[in-house]
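Q: Show me the folded form of this:
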Amino acid sequence: MRLKYGIGFFAVMILSLMLITGAYQLSYQHAKERAEMKVAEEKKPEPQEPVITAQEPASVAADGQALKEDCYYLMDVNGYVVVYLSDKKTPYEYTDIKCDGLPAEMQEEIRNGKYMEDAKALYGFLENYSS
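A: Here you go, the predicted model:
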């Protein structure tokens, strides 16, 4: 009787060892395939992003068009800064900049019509004071 149990125990041990070995081989192959795919992805050339060069800011037209030699005026309209063309009558760009959020000295200049010599100065101001 001991012999029967000994042979059965030995058979179960051999079968268990074979199952563990098979499971290890499957997991090893799966990990190897994932590693190969990862290496292949890393070697794949990435698409080139378009190079954006610095350009002069594009004009945003409201009711009028600005010419290259035009100057601009910043004025207070209903509590917001609005950019006008050199004639001080034609709006060039409406902004979301609230006048009461600006320094007191700047508010006074804008109420009187702050002069901006060119588009570079205008966009510099807008970039500094917009949120």
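Q: State the mean pLDDT of the longest helix along the chain.
A: What stands out as the longest helix in the chain, according to DSSP state H, is helix 2-43. Confidence over helix 2-43 (mean pLDDT, whole number) is 87.
Q: And for residue 122, the neighbour number?
A: Residues contacting residue 122 under the criterion other C-beta atoms under 10 Å number 22. C-betas here are computed from N, CA, C, even on glycine.
Q: Tell me how far the closest residue to it other than its chain neighbours lies from residue 2.
A: Computed as C-beta to C-beta, 6 or more residues apart in numbering, the closest residue to residue 122 that is not its neighbour in sequence is residue 116, at 4.4 Å. When distance is defined by C-beta to C-beta, to the nearest Å, residue 116 is 104 Å away from residue 2.
Q: higher neighbour count, these two?
A: Using other C-beta under 10 Å, the more surrounded residue of residue 116 and residue 2 is residue 116, with 20 against 6.
Q: hey, what's that one bridged with?
A: According to DSSP bridges, residue 72 are recorded as the beta-bridge partners of residue 116.
Q: Let me know the helix or strand that residue 82 is in.
A: strand 80-84 (DSSP states H and E).
Q: Mean confidence (pLDDT) on that strand, please.
A: Confidence over strand 80-84, taken as the mean pLDDT, stands at 91.
Q: and the angle from the helix or strand just after that strand to strand 80-84?
A: Past strand 80-84, heading to the C-terminal end, the next element that is a helix or strand (DSSP H and E) is strand 91-98. In this structure, strand 91-98 runs at an angle of 160 degrees to strand 80-84, with axes from the mean of the first three to the mean of the last three C-alpha atoms, to 10 degrees as the basis.
Q: Can you list the buried residues in strand 91-98?
A: Counting neighbours by 16 or more other C-beta atoms under 10 Å, one finds that the buried residues in strand 91-98 are 92, 93, 95, 97.
Q: Would you format those residues as JSON lines with pLDDT and distance to residue 126 included?
A: Putting these into JSON lines (pLDDT from 0 to 100; distance: C-beta to C-beta, whole Å) gives the following:
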{"residue": "92", "pLDDT": "88", "distance to residue 126": "11"}
{"residue": "93", "pLDDT": "89", "distance to residue 126": "8"}
{"residue": "95", "pLDDT": "89", "distance to residue 126": "6"}
{"residue": "97", "pLDDT": "88", "distance to residue 126": "7"}
